[in-house]
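In: Any chance you could fold what I've pasted below:
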Amino acid sequence: MIRRSTSLLRQLLLTFLLALLALAGPSLGHAADVEVKSAKIESGEEGYRLAAVFSIELSDGLRKAIKEGIPVSFTTEVELTRSRWYWVDEKVVRSENTVKIAFNEWTQQYTAIVNNGLQQTFPSLDAALNLVVRPSRWLIAEKSLLTNGATYNVALQLRMGLSKIPIHFQIPSFSDSNWSQKTEWKRFSFKADDK
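Out: Reported below is the predicted structural model:
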C-alpha cells in the first residue's frame, strides 16, 4: 500500500514537473544543438565500420528533464547507397545505433543503454553523453555486402528525442520539434576496398 502511494506520488510530481517545463517558455524551448563534426567509413577484416564524432549542447531545461527521470534517446543512422545510371540509387545498407540515457534516482547515476543491450552507469550526464558524441565503431556492413572497388554514397544523421514515456506523462510541447532535434544529413562518398 505504501509502495503504491509512493509510486503514485512520484508520478504526480513528475507530471507536475513536465507541465512546468512545458510552460517555462522560450528559455527552455531550445532543447539541444546537435552537429556532425566528422565521419568516415573504415575497412577492417570483419567489414566496414562507422567512425564519427558529434557535437551536442543540451539546454538546461533538457538536462533538468533527464535529471528528473525523463529518458532521452540518441540514434545515429547511416545509409549507404550506390548510384545506378539506369534506375534510382540502390540502397545497400541502413544501420542504426541507439543510446538511451536516463537518470537513476536511487543510485544518483546516469544509465546509458546501447541498442537495448549493453548497459553502463556514469557519474555525470556529460560522461554518459560520450557514448553519443563518439559512438563505438560499430559494424555497418559485412565485407561480402559491398562490391570491391565500388563507390558508395554515405548519409549520416544523429536524431535526439524523448524515449517512450507513459501516456499520462506526455504533454503536447514534449512532442514539439524543439524537444526532438536532429542533425542535417552529412553526405560523403567512399570506395570499398579488399583489406
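
In: Over to W106. Which of the three states is it?
Out: Recorded secondary structure, W106: coil (DSSP: H, G, I helix; E, B strand; the rest coil).

In: Can you give me the neighbour number for it?
Out: The number of residues packed near W106 is 5, by other Cβ atoms under 10 Å. The C-beta positions use only the backbone N, C-alpha and C, and glycine is treated the same way.

In: and it, what is it in contact with?
Out: Shown in contact with W106 (Cβ atoms under 8 Å, 6 or more residues apart in numbering): no residues.

In: L131 now?
Out: Contacts of L131 (Cβ under 8 Å, 6+ apart): 99, 112, 114, 120.

In: where does the third one fall, phi/psi-wise?
Out: Yep, that's V114 we're talking about. phi -100, psi 120 (degrees, to the nearest 10).

In: ok, the nearest residue to it once chain neighbours are set aside - contacts?
Out: Nearest non-adjacent residue to V114, counting by Cβ to Cβ, 6 or more residues apart in numbering: V99, 5.4 Å away. Contacts for V99 (Cβ under 8 Å, 6+ apart) come out as 73-75, 112-114, 131-132, 135.

In: those helices in the protein, which residues are they?
Out: Here the chain has its helices, by DSSP state H, at 2-23, 26-29, 60-67, 125-133.

In: Name the nearest residue to the residue nearest to the spatial centre of the chain, ignoring sequence neighbours.
Out: The chain has F74 as the residue nearest its centroid, 1.1 Å off, counting by Cα atoms, centre = their mean. Spatial nearest neighbour of F74, excluding adjacent residues (Cβ to Cβ, 6+ apart): V132 at 4.3 Å.
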